[in-house]
Structures are given as C-alpha cells and as structure tokens.
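*Asks:* turn this into a structure:
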Amino acid sequence: MSLINKMLQDLDARGGQPGHAASAPEIRPVPAPERAFPWLRVALIAGLVAVLGGSGYMAWRLKSAAPSAPAEEVPLDLSKAAPPAPAPAPAPVLREAPVQPAPAEPVEPVAAAPVPEPVQAEPPKPAPKRDVAAVKRDVAKAKPAPAALEPKPAAGRVETTPQRAENGYRRALASLEDGRVTEAIEHLQAALRADPRHDAARQTLVGLLIEAKRPEEAMRQLGAALALDARQPAMAMLLARLQLERGSPGIDTLMRTLPFAAGNGEYHAFLAGALQREERHREAVEQYRQALGTAPRNGVWWMGMGISLQAEKRTPEAIVAFQKARDSGSLTPELQAFVERKLKQFAQ
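*Replies:* Prediction:
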C-alpha cells in the first residue's frame, strides 16, 4: 500500500488524472479550473453585442436556438470597436471522472511529457536452481589436487597419531600371519614413525630384525627406544647383549637403566656378569648380592659370585658361595662339575 500511496502523491504533484485522459499523451496536464460560470467570456460577448447592435444579438440568438444544426458564421465588423485586451488562450480542461478504488491493481500515472515516472523496484530474483552434479563440479574445482591431500582412512575419519600407529601394528601382525616378514617390518617401521613410543611395535620390530640377521638395525631401534625412555630394563639388557656380541661391554647401557631396575634380579645378575667380564669383580659381587636377594636359591648366581670373590682373594666367602651353588640343585651337569672342581681346589 505504501507504493500505491507514493504513486498517488506523484500524480497529485504532477496534476495528472486517471481515467480516459491518460490515453492522450499529447495533452499536458494543467491544474483543473474551478467549476464556475465563464464571466470573462460573457463580458466579452456582451461588449461585442453592444457594438454590433441588434444584428449581432439576433445572430447569437439564432445560434442558441438551433444547437443541432451548425450555425452560420456572421461576419462581424470589429473595426469600430476597441480591441479588447488579448486573453490568454484557455488550456484544454480535463473533466474529472470519479475515481473508483481499485486496490487490486496499482494506479498508473498519466503519461506526461519528459517527466520520468517512478519505477517500482523489481523484487530480487531467486538464484537459479542448480543440480547436484553442477555443485559437485564446483566443489571439485575448489579443492586442491589429489596429490596435495593427505590420505584418509577408509571409514572417513581422520586417524589420530596413536590410532595410526596401532593400525600399522595390526597390519604388521596380519602380514606375519601370512608369512610376509619384509612387509611386516615395513608396517612396524611406519607405526613407529607415527608413534615412537609404541612399545609393542618396537619389541616386535627388534625381534624380527634379529631373526632376519639385521642386528645393526635392531640396535638402532633399541637405542632410539631407550633415548625416549630409559625406564625399560628389558630393552637395555637386549641392547647390551647385542653390544657384548660385537665386542662392546654394554656396561654403559646397563648403568643408565640401573636406577629403574631396582628389585629386578635378572637385571642385576646380567650387569654383574658384564662387570665380571671386564674384571670389575668388586662391583660384580655387589650386583650378584642384590640379585640373590630376589632369588636366594639361584645356583648360577651363587657360582658367579664365588668366581668374583675368588678373584678378589676373598677365599672364605668364595668357598661359601660355591657350596651354596652346589647345594642349590639348579645347576646343569656341566656347571655342577665345575663347582665341584672349585671346591676340591680350595680343600687342597
């Protein structure tokens, strides 16, 4: 309704009228004259009648008496009459027709000369519908090349680092079940690249590398594991064993993890054997003592302690250690014979 009101206000301002006159573009709208009797015209005619006399009056009467027939034009001699002041040419008058309310249709303005008409703003057109294929094509153009995308899991979810490592470990186990050792090693290496702290993957990889006669790679994996976390006695013992086989004492490796091996008899006994090999017997005796505190009837550890005590010239203590080893009942026949010879030597 506000748009219709604006159009009506424009029409009022321009003096236009709706209806039949709107179809005549050559007629310019002017303000509508008042509906009053044309006194100016009557005064002019009266003056002419007074000058011309009766003849003019009779002609006027005849013209008024016969409106249906065209009246003859009577020549008037206006030379004797004073010319009246020229009147402005009357503008054509437009008859107002009663305006009927038309709420359903907007009122069109009267076509006037070069005055621009208000233009109703067109409502925004809805965007044309696009099919699904066109949308997919646009999305594909906006995406980077497939080579720049990171691989995603088949389930459509992005794997976290631990999940990627665990999945690699499981793929390695599946490859091992099928006997594909090389493929399993590759999966384990990928799992450790994703999560270097995946202990199960590390231990499995080290075992496979040792079985595949690749000890250098196994040692690198063990060293990397201990660098991340030295609290792994089993890893330290395995690395030290590989180092011992290649001429390195491995004692440094064991000593770094020793603070985290308290109460581990196997660890203390292994370190004692490494120290004994380097003729560090006093330290070896101490490590054997800690090991035997966890397993007092371990004949092998008693035997090892007796050897280091004998090297330290602590003969009475050595004899006691060899006797405990003999009486443990846990020695193999070869070791049992070795202990018996030692005791006979001390008895001589």
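*Asks:* for the chain, give me the ranges with low pLDDT.
*Replies:* 1-156 (pLDDT under 70).
*Asks:* biggest helix in it by residues?
*Replies:* Counting by DSSP state H, the longest helix found in the chain is helix 161-177.
*Asks:* any chance you could list what contacts whichever helix or strand comes after that helix?
*Replies:* The helix or strand immediately downstream of helix 161-177 is helix 181-194, counting by DSSP states H and E. Among residues not part of helix 181-194, those counted as contacts by Cβ atoms under 8 Å, 6 or more residues apart in numbering are 161, 164-169, 171-173, 175-176, 198, 201-202, 204-205, 208-209, 211-212, 221. Placement of C-beta: from N, CA and C, glycine included.
*Asks:* please apply the same query to stretch 337-348.
*Replies:* So stretch 337-348 is contacted by Gly299, Met303, Gly306, Gln310, Thr315, Ala318, Ile319, Phe322, Gln323, Ala325, Arg326, Leu331 (Cβ under 8 Å, 6+ apart).
*Asks:* make it 10 Å
*Replies:* Residues outside stretch 337-348 that contact it (Cβ atoms under 10 Å, 6 or more residues apart in numbering): 299, 302-303, 306-307, 310, 315-316, 318-319, 321-328, 331-332.
*Asks:* for PyMOL, what selects the buried ones among those?
*Replies:* Only the buried entries of the contacts of stretch 337-348 go into this PyMOL selection, using 16 or more other Cβ atoms under 10 Å:
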select buried, resi 299+302+303+306+307+310+318+319+321+322+323+324+325+326+328+331
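*Asks:* the contacts of stretch 337-348 in helices, which ones?
*Replies:* 299, 302-303, 306-307, 310, 315-316, 318-319, 321-327.
*Asks:* strands along this protein, start to end?
*Replies:* In the chain, no strands are defined using DSSP state E.
*Asks:* please list all residues in contact with the closest residue to Val285 other than its chain neighbours.
*Replies:* The shortest distance from Val285 to any non-neighbouring residue, by Cβ to Cβ, 6 or more residues apart in numbering, is to Ser308 (4.7 Å). With contact set as Cβ under 10 Å, 6+ apart, Ser308 has these partners: 272-273, 275-276, 279-288, 314, 317-318, 321.
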